[in-house]
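Visitor: Starting from these lines, generate the structure:
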Amino acid sequence: MIEGFYGPPWSHQARMHAISFLAERGMNAYVYAPKSDAKHREEWRVGYDTAELAEFRELAGTCRDAATRFGFAISPGLDIEYGSAGDRAVLLAKLAPLVDAGVDWVILALDDIPNRVGLAAEQVALVGFLRECLPAEVRISLVPTEYVGTRPSPYLAELSTGLPPDVDIFWTGPTVCSPTITEGDARAWRAALGGRPLLLWDNYPVNDSVMEHELHLGAYRGREAALADVVDGVLCNPMRQPRASLVPLATAAEFLTDPTDYDEAGAWDRAIEAVGGRRAGALLAIARACCDGPLARPEALPLHGLAVALEAELDGPGWQAPLASLREELTALREGATAWVDEGADHAPADVSDPLGAELAPWLWQARAEAEAGLAALRLLQQVKAVAVLDPRGAGRAAAPDAESALAQCFTLLFVWTAAREASHEIVLGPRFGLHAAVVQLDDGRPAIDIALALREDASVIDRLARLALHSYQRWTERGVEALRVVVDGDEVSPDDDGRFVATPGATVLLDADGSTTQITTPAPPFRDPRLQ
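Guide: Modelled structure (predicted):
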């Protein structure tokens, strides 16, 4: 794990908990590299004080107990004078007490700075200086200024030929947050580096910068098992939320421990159970609504597939079953969203002793709003369909769409959908607008942004359901007055004025309201319906 995001650094206790939790699952390295720690980047010349060094020392002890390598990254590239004896002395003075505290791995992070002619040679000289001055047992790695892509470049060629042979280089894959990374990608990058040691800085599940409104709770995926034959190690960059990060990180640990036999679904279930504890069911509901991100497009959301199935059946008689499946998913999400949240509080977790609830709180509130809007859309869809209740003896009651009931539900949907869209910027069930860091290499090695990877718009499943319901309502209003027909085993029967009819138990019952059909396969429609009260 490499804690390298922009945003508030994790607390000391959260860091130690994560190291122990992940070590139990096979991870064996931790790197401290939060870019929001001023002493890591902007104020890299400023040394850590006595209290901070004591925490590093305790962290080193936790790593030793967990058989985990402890790395410290420093990022002086914003303003270091590479050839300055003074800056070199300051850099060494900054690192020495950390090595004394137990750091056994130093990462020189020279990423996210402008490239220029001659930069590689200056960086090579600085790495060489550190290799000469730091103890031989301290491992040294480099995060280069060019760290994405699969193609060679003059910078990489100069870097690879000049670095000491035991210094490994970090790489994030074909892009910053790579949806997929293949064996071929890794071999191409390793070739661009002259075959030297290669570490994958995997930017998942990180959610900093333009992704701060996302919660990446999906399982680790999109990495070929054969990567293990090419790279010398993989470090995953976690989210700003330490407890929530343990869900995807635990699945990554299972993959990295045994890439060939990795069971993505099983690993996800086990991770949610381990992290969620007594609230595992609620966490699963939230995770199913927040499992998209850099590695999975919104189309991978379980609710998206259910929405597609409903759309396919909506104009036929079998619409009730997919609508009921959507209702179950959204009801689980609504209930899961209240597992930690105090109904009377404003974005505050009910159980403040549970750090996971505190981290999830903004998404829990958004999830509840989205679920209410989705359920309102489903109710409106039901209101413009003929429905019936049917008891085991065959006594039934049917109802055609009713203008007053449908109008009331249409207003409800408009209100709660507006509330969901205005609730917050947190993304649940797909983004209305979202961005990902998608820097890639052009054919000539220069950097560029892949817009198709970077931009995601109009991908909210709830918006899709709301528009579907409103469109169905509009179509119904244009059809005019509907006559209800009840057909039992192919024969039309005449319901009384209250819609009551009798069917043989087990018979096939079909309702028809001027071409809109419903097959009755359950004792009651998915939602309690005022037309049948």
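Visitor: Low-confidence regions, the protein specifically.
Guide: Applying pLDDT under 70 to the chain flags the ranges 341-353, 481.
Visitor: show me what contacts residue 245?
Guide: 18, 205, 238-239 (C-beta atoms under 8 Å, 6 or more residues apart in numbering). Any C-beta I mention is one placed from the backbone N, CA and C, and that applies to glycine too.
Visitor: nearest residue to it other than its sequence neighbours?
Guide: Nearest non-adjacent residue to residue 245, counting by C-beta to C-beta, 6 or more residues apart in numbering: residue 238, 3.7 Å away.
Visitor: Now do the phi/psi pair for that neighbour.
Guide: Main-chain torsions, residue 238, degrees, to the nearest 10: phi -80, psi 180.
Visitor: same check, this time on residue 388
Guide: Per degrees, to the nearest 10, the backbone of residue 388 is at phi -160, psi 160.
Visitor: Use 533 as the first number from now on
Guide: From this message on, residue numbering opens at 533, which makes the last subject residue 920.
Visitor: hang on, it packs against residue 928?
Guide: Yes: between residue 920 and residue 928 there is a contact under C-beta atoms under 8 Å: 5.3 Å.
Visitor: List the residues that are in contact with both of the two.
Guide: Common contacts of residue 920 and residue 928, defined by C-beta under 8 Å, 6+ apart, comprise 1018, 1041, 1052.
Visitor: Among those residues, which one has the most neighbours?
Guide: Counting neighbours by other C-beta atoms under 10 Å, residue 1052 leads these with 24 neighbours.
Visitor: which ones are touching the nearest residue to that residue once chain neighbours are set aside?
Guide: Nearest-residue entry for residue 1052: residue 1041, 4.1 Å, with adjacent residues in sequence omitted and distances by C-beta to C-beta, 6+ apart. By C-beta under 8 Å, 6+ apart, the residues touching residue 1041 are 920, 922, 928, 1018-1020, 1035, 1051-1052.
Visitor: Quickly name whichever of the residues you listed is closest to residue 995.
Guide: Closest approach between the contacts of residue 1041 and residue 995, by C-beta to C-beta: residue 1051, at 28.7 Å.
Visitor: what number of residues lie near the closest one?
Guide: Neighbour tally, residue 1051, other C-beta under 10 Å: 16.
Visitor: before we move on, which element is it in?
Guide: Here residue 1051 sits within strand 1048-1052, counting by DSSP states H and E.
Visitor: now for that strand, which elements pack on it?
Guide: With contacts taken as 3 or more C-beta pairs under 8 Å, 6 or more residues apart in numbering; DSSP states H and E, strand 1048-1052 sits against strand 919-922, strand 1041-1045.
Visitor: after the first one comes which helix or strand?
Guide: By that I understand strand 919-922. Remark: after strand 919-922, the chain's next helix or strand is strand 927-931, criterion DSSP H and E.
Visitor: neighbouring contacts of the next helix or strand after that following strand?
Guide: Once the chain leaves strand 927-931, the next helix or strand it forms, by DSSP H and E, is helix 935-955. For helix 935-955, contacts defined as C-beta under 8 Å, 6+ apart pick out 897-898, 901-902, 904-905, 908-909, 911-912, 915-916, 964, 994-995, 998, 1001-1002, 1005, 1008, 1061-1063.
Visitor: give me the element residue 569 is part of.
Guide: With DSSP H and E as the test, residue 569 turns up in no helix or strand.
Visitor: Next, work out how far apart it and residue 606 are.
Guide: 10 Å (C-beta to C-beta, to the nearest Å).
Visitor: Kindly report the same for residue 612.
Guide: Distance of residue 612 to residue 606, given as C-beta to C-beta: 10 Å.
Visitor: what touches both of those two?
Guide: Shared contacts of residue 612 and residue 606, defined by C-beta under 8 Å, 6+ apart, comprise 576, 623.
Visitor: separation between the residue most central in space within the chain and residue 772?
Guide: Nearest to the geometric centre of the chain sits residue 748, at 1.8 Å (C-alpha atoms, centre = their mean). Using C-beta to C-beta, residue 748 is found at 11 Å from residue 772.
Visitor: intersection of neighbour lists for these two?
Guide: Residues touching both residue 748 and residue 772 (C-beta under 8 Å, 6+ apart): residue 739.
Visitor: and residue 689, what element?
Guide: Taking DSSP H and E as the definition, residue 689 sits inside helix 686-694.
Visitor: residue contacts, residue 898?
Guide: With C-beta under 8 Å, 6+ apart, residue 898 has these contacts: 952, 955-956, 958-960.
Visitor: Going by neighbour count, which of the residues you listed comes out on top?
Guide: residue 960 (30 neighbours).
Visitor: Tell me, how many residues neighbour the closest residue to residue 540 other than its chain neighbours?
Guide: The shortest distance from residue 540 to any non-neighbouring residue, by C-beta to C-beta, 6+ apart, is to residue 568 (6.0 Å). Neighbourhood size, residue 568 [other C-beta under 10 Å]: 14.
Visitor: Which residue of residue 569 and residue 606 possesses the greater neighbour count?
Guide: Legend: neighbour count by other C-beta under 10 Å for residue 569 and residue 606, higher for residue 606 (22 against 19).
Visitor: what about the more buried one, distance to residue 836?
Guide: Residue 606 sits at a distance of 42 Å from residue 836 (criterion: C-beta to C-beta).
Visitor: Closest one of the shared contacts of residue 920 and residue 928 to residue 562?
Guide: residue 1052 (58.4 Å).
Visitor: I figured the closest one was touching residue 1043, is that so?
Guide: Yes: the criterion here is C-beta under 8 Å, and residue 1052 meets it with residue 1043 at 6.9 Å.
Visitor: Any chance you could list residues touching both of those two?
Guide: Residues within reach of residue 1052 and of residue 1043 at once, by C-beta under 8 Å, 6+ apart, are residue 920.
Visitor: Now the nearest residue to residue 811 once chain neighbours are set aside. Its backbone dihedrals?
Guide: In space, and not counting its chain neighbours, residue 811 is closest to residue 871: 5.1 Å by C-beta to C-beta, 6+ apart. Torsion angles at residue 871 (phi, psi; degrees, to the nearest 10) stand at phi -70, psi -30.
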